[in-house]
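Asks: Requesting a structural model of the entry that follows:
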Amino acid sequence: MTGLTRWTMASLLLAGCGGSQATSQKPAEVAPAPAPAAIRTYDARTFYENTALSGASFSHDESRVLVTSDQSGVLNVHAQPVTGGAAVALTRSTGDSYSAISFFPHDDRFLYSADQGGNELDHVYVMQLDGTPRDLTPGDKLKAEFVDWSGDKKSFYLATNERDPQAFDLYRYRTDDYRRTRLFENKDRYTIGAVSPDGRWVALDKTRNNADSDIFLWDTKKPKVAPVKITPHEGDVQHATKAFSRDSKRLYYTTDGHGEFTQAWSCDLASRQHVVEIAADWDVLTVGFSESGRYRVSTTNEDARTVLSVLDAKSGQPLQLPRLPKGDITGVKFSPGETRMAFYVTTDRAPPNLYLLDLGAGTHAQLSSTLNPAIDPEDLVDGRVIRYESFDRAAIPAILYQPRQASATSKVPALVWVHGGPGGQSRLGYSAMIQHLVNHGYAVLAVNNRGSSGYGKSFFHQDDRKHGEGDLQDCVQARTYLAGLDWVDGSRVGIIGGSYGGYMVLAALAFAPQAFDLGIDIFGVSNWQRTLESIPPWWGAFRDGLYAEMGDPAKDGERLHRISPLFHATNIKKPLLVVQGANDPRVLKVESDEIVEAVKKNQVPVEYLVFPDEGHGFEKKQNRIAASEAFLEFLQAHLK
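Replies: Prediction:
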């Protein structure tokens, strides 16, 4: 389960935002396969010898950008010069992953976070000017998060659950000596949304279930007055805080209360009047602002691709971006003086690359080259968004990856890939794992079964408390679609997925045992009763939403037992590979231990790979390589 939408539950169970509702669209016709091309194949190590980059925080003099990079094989903090050249390592962990947060506003100190072996109990650290780290959130079994800098840059805000494991209190830290003050004691288990630049207002999100949430506003000038709800409504409506305006007069948020898709609205904090800011036939994902508020940045999720818009408030016109490679533009960050804009471009054939736009000169530069130079991008493939018809004639969105060596006279085996969630989304963009499989001659169909984000709230809620039913049939019908392609060998089709997608793999093998020829389960749920009872305490604010999605273990035990593959493991007759992180706090290792033991009793080929230093999702490059090698070896043995 990972990071918490469609509210934030879309990625609760990690693997891994829409047009007209999926059920109203006709399946796309796929052109016949071209003649097979001569390509080079690469091993897993070559595919993972890329550089994973994320984050973008400008230094006070705007000469460097703080990023997270796994160049060493482990995530560490680096500084990328804006003039180009190699990024400079600022931390050198060889074990735990270190993630960059932000440079300090007036000197070279920086904040970063780290957990312990993938347990997700992140602490926030400051790297001081003398090069020594300091844990700003010391203690055992606590989790901390960075919230924001104050408008005057004399302090910053962190949230920790040290007082109550299920609630995050808000603290203000001074930048000079790190002394802290508890600003808000979170007794009602809100989610901290944002703090206004002037420090007066705190926006708090409150989830009731997976279809309904509200925003509350707390006034620091009236600390004894309870937070006030600013999103009254009837029925189920989701609201999510995005940002305060830089003058602290308006709060921007998203809501799905005005149609199928989320829109961006704002609330005037003085009058409490609400107005629509951004509406589209897709979900609005993000809204944010540059330092002075001159630039407003927003993104929409358009059929599994992120589309960026930057509005120049001074001219009232969209900012004209340079000609860039076709792909997603994400991670936009403006320099303090608003003279430069850093951002990432991700394509299907290359991991995110960091770019810099000089707003004055109108020039741009690519600061990184993340794809392993040993790989020829022409040997990789682009994903195609398609629709296929499911059992009830619903049109199911999916992304199809066709191997270059596939043709009507050279049919290839195929895999159905199922994303995490519940409620995640398979999206266009680079995946070393998928490209490695496709490069070796396996077609991949990444399905967005009913219940996926990005295709309207009706589609999203179609699988509520129906998991293992319609969503599973969508995956089964994906095989039928693949078998209808003239370049796919319909007699050799497997299913693969991570987290919630791993559950779908096990569900397919247990409840539709003849549908697929093998399964690869990557830290998937096998026993829903236990998983829901073992929700990490820091998910306290989202428990009701998850129970609304999956069921309450105290009330829905019979149904949860019925949909849990562990209790139907005798049905599993096809080869199974299971991969698990030993420190996973979301899908406990026992989930994989027990399904492996149960399936072995069926005299079925079962392989089990456990990483002792990983949690939910594999961060270390060497472990990702080992997992992909295991996938390919298993497929070569049992499918190809």
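
Asks: what about Thr132, how many neighbours?
Replies: Around Thr132 sit 8 other residues, with neighbours defined as other CB atoms under 10 Å. From N, CA and C alone the C-beta is placed, and that goes for glycine too.

Asks: per-residue confidence at the nearest residue to Glu120 once chain neighbours are set aside?
Replies: If you skip the residues right next to it in sequence, Glu120 has Pro585 as its closest partner in space, 5.4 Å away by CB to CB, 6 or more residues apart in numbering. pLDDT recorded at Pro585 is 92.

Asks: Phi, psi for Pro585 please.
Replies: phi -90, psi -10 (degrees, to the nearest 10).

Asks: Can you tell me how far it is from Val418?
Replies: With distances defined as CB to CB, to the nearest Å, the gap from Pro585 to Val418 amounts to 22 Å.

Asks: neighbour-wise, which of those two wins?
Replies: For Pro585 versus Val418, neighbours defined as other CB under 10 Å are more numerous around Val418 (35 against 20).

Asks: thinking that one is in contact with Val505, fair?
Replies: Yes - in this structure, Val418 sits in contact with Val505. The criterion is CB atoms under 8 Å, and the distance is 6.7 Å.

Asks: list residues touching both of these two?
Replies: Each of 495-497 lies in contact with both Val418 and Val505 under the rule CB atoms under 8 Å, 6 or more residues apart in numbering.

Asks: Name the member of these that has the highest neighbour count.
Replies: Gly497 (33 neighbours).

Asks: rewinding a little: mind putting the shared contacts of Val418 and Val505 into TSV with pLDDT, distance to Gln166 and secondary structure?
Replies: Formatted as TSV, these follow (pLDDT from 0 to 100; distance: CB to CB, whole Å; DSSP: H, G, I helix; E, B strand; the rest coil):
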residue	pLDDT	distance to Gln166	secondary structure
Ile495	98	35	strand
Ile496	98	34	strand
Gly497	98	29	strand
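
Asks: If we only consider those residues, which is nearest to Val77?
Replies: Closest approach to Val77 among the shared contacts of Val418 and Val505 (CB to CB): Gly497, at 31.7 Å.

Asks: Start from the N-terminal end of the stretch 301-450 of the chain and give the strands.
Replies: The residue ranges that make up the strands of the stretch 301-450 of the chain, judged by DSSP state E, counting those that start in this stretch, are 306-312, 317-318, 328-334, 340-347, 350-358, 363-366, 384-389, 395-401, 412-418, 443-447.

Asks: Okay, now the sheet partners of the first one, with direction.
Replies: Put plainly, it is strand 306-312. In the sheet containing strand 306-312, its partner strands are strand 295-301 (antiparallel), strand 317-318 (antiparallel), by DSSP bridges.

Asks: hmm, back to that, pretty sure Asn119 is one of the things the residue nearest to Glu120 touches, is it not?
Replies: Yes - at 5.8 Å, Pro585 and Asn119 qualify as touching, with contact defined as CB under 8 Å.

Asks: Can you tell me how far Ile375 is from Ile625?
Replies: Computed as CB to CB, the Ile375 to Ile625 distance reads 14 Å.

Asks: Sorry, slip of the keys, the one I care about is Asn353.
Replies: For Asn353 relative to Ile625 (CB to CB), the value is 21 Å.

Asks: Please apply the same query to Asp281.
Replies: Taking CB to CB as the measure, Asp281 and Ile625 are separated by 41 Å.

Asks: quick one: which of these two has more around it?
Replies: Taking neighbours as other CB under 10 Å, Asp281 and Ile625 compare with Ile625 leading, 21 against 13.

Asks: so who does the closest residue to Met341 other than its chain neighbours touch?
Replies: Sequence neighbours aside, Leu357 is the residue nearest to Met341 in space, at 4.4 Å (criterion: CB to CB, 6+ apart). By CB under 8 Å, 6+ apart, Leu357 lies in contact with 321-322, 340-343, 363-364.

Asks: May I see those residues organised as a markdown table, with neighbour count and pLDDT added?
Replies: Output for the contacts of Leu357, formatted as a markdown table (neighbours: other CB atoms under 10 Å; pLDDT from 0 to 100):
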| residue | neighbour count | pLDDT |
| --- | --- | --- |
| Leu321 | 15 | 90 |
| Pro322 | 11 | 91 |
| Arg340 | 20 | 97 |
| Met341 | 23 | 98 |
| Ala342 | 23 | 98 |
| Phe343 | 23 | 98 |
| Thr363 | 10 | 94 |
| His364 | 18 | 96 |
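
Asks: wait, which of those residues is closest to Asp96?
Replies: Within those, the smallest distance to Asp96 is 26.0 Å, found for Ala342 (CB to CB).

Asks: The closest residue to that closest one other than its chain neighbours in helix, strand or coil?
Replies: Excluding the flanking residues, the one nearest Ala342 by CB to CB, 6+ apart is Ala56, at 4.1 Å. Secondary structure state of Ala56, per DSSP: H, G, I helix; E, B strand; the rest coil, is strand.

Asks: So Ala56 sits against Thr330, correct?
Replies: No - under the criterion of CB under 8 Å, Ala56 makes no contact with Thr330, lying 9.9 Å away.

Asks: out of these two, which sits in the busier spot?
Replies: When neighbours are counted by other CB under 10 Å, Ala56 comes out ahead of the other of Ala56 and Thr330, with 26 against 18.
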